[in-house]
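[1] sequence first, predicted model second:
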Amino acid sequence: MQSAPSIFDKRPWEVVLAGEARNSVELYADASRVPHDISPREIAISCGAALYNLRLSIRVAGRELSVWMLPGLDQGSPLIDHLTATRVLVASVEIMPDRIDPPTAGIQELYEAMWLQHINPGDYAAQQVPLPLLVEMENAAAEEHGWLRILHPREQKAILRATVRGGELASRDMQLMTLSTDDDRPLDWLRAGQALQHALLTGTRYSMSSGTGRGERYRSSLKYRLSDFHPLHPPDRVPSSYGVTASFLTQSLEREDQDQVQRRWPWPTFYNEVPQVVLQVGFSPVERVPAPQLYGAQPTETE
């Protein structure tokens, strides 16, 4: 749960056990945990990412679950205002103890990826992420009703120009992706957060190199171009101790929110979707997480 990404490196959520049999979990958005200038959208996206981690944790324990997002919300609910003003219930997850569903190897690997996922808030040196991994991330987001797409170089330039005007310098060598949803309601923001987390964990799962101990078929012989299949052209390889890392470039979208105009793509498009997040992705060095920190214990101090 604590590994869920947050755009502002904050975790505006609280998890509470509920029900007489303690067989349900409630996820609250808690505005008191974040700076006052964070928008309701950003709080909901971060809570959506935490919700995906919660779902994954229950599934890896071998139990089926049922998720109720925005319980009690009706058309006149003041949820949008309350997300930045008070503690709000955004999701209720019912655990079904009598319905055992052993986790697959994929579920287990996604859960393990939670401890290795890397969100980088600033600039970093990284290599290009291979196309098959980006496609896997797109498919993962689609399972959560979020639409993650690789940007064309022309579209990347439009995003970077808008970002630089906002005061955020970005490297032109990076790969940019956008995450969008069908609508722009609080429900869509929660879906965007789940899609974001599922995609990032998928990228981490498939890029875990020898430094983190997984992904043998991905780190041993990655082949992406037709020339790679020629015996004279060795396949590309993922460097040891490298993994997918991401940072958020949301300045241009945030300015539209501040101007109270509908979010839109900065280029002509036939898509009617609403942009939620712009991601800057790449391969960069990944440090192994020490076991004491991984399991919540305090590391032993050494002189």
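    Okay, I see it. The model shown is predicted, which means the values in this text are computed figures rather than measured ones.

[2] residues touching H145, list them.
    Going by C-beta atoms under 8 Å, 6 or more residues apart in numbering, H145 touches 181-182, 191, 195. Glycine gets a C-beta too; all of them are placed from N, C-alpha and C.

[3] could you redo the last one with a cut-off of 7 Å?
    181, 191, 195 (C-beta atoms under 7 Å, 6 or more residues apart in numbering).

[4] for A44, same thing?
    Neighbours of A44 in contact, by C-beta under 7 Å, 6+ apart: 29, 83, 90, 186, 189-190, 193.

[5] would you map the strands across the chain?
    For the chain, applying DSSP state E gives strands covering 13-18, 24-30, 63-69, 87-100, 118-119, 147-150, 175-181, 242-248, 274-285.

[6] just the contacts of H145 now: which is nearest E109?
    A195 (18.5 Å; C-beta to C-beta).

[7] distance of the closest residue to the closest one other than its chain neighbours relative to H82?
    Spatial nearest neighbour of A195, chain neighbours left out: G146 (2.5 Å); criterion: C-beta to C-beta, 6 or more residues apart in numbering. Distance, G146 to H82, by C-beta to C-beta, to the nearest Å: 24 Å.

[8] among those two, which residue is more densely surrounded?
    G146 (27 against 14; other C-beta atoms under 10 Å).

[9] re earlier: most tightly packed of the strands of the chain?
    When you average the neighbours per residue for each of those (mean count of other C-beta atoms under 10 Å), strand 242-248 leads with a mean of 25.

[10] pull out the buried residues from stretch 260-278.
    Buried positions in stretch 260-278, judged by neighbour count with 16 or more other C-beta atoms under 10 Å: 263, 273-278.

[11] which stretch in the strands of the chain has the least confidence?
    Taking the average pLDDT of each of the strands of the chain, the minimum falls on strand 118-119, with a mean of 72.

[12] for that strand, packing partners?
    Under the contact criterion of 3 or more C-beta pairs under 7 Å, 6 or more residues apart in numbering; DSSP states H and E, strand 118-119 touches strand 242-248.

[13] now the helices for the stretch 51-200 of the chain?
    Taking DSSP state H, counting those that start in this stretch as the criterion, the stretch 51-200 of the chain carries its helices at 79-82, 105-113, 131-142, 153-165, 186-207.

[14] just say which of the ones you listed is most tucked in.
    Mean neighbour counts for the helices of the stretch 51-200 of the chain (mean count of other C-beta under 10 Å) peak at helix 186-207, with a mean of 27.
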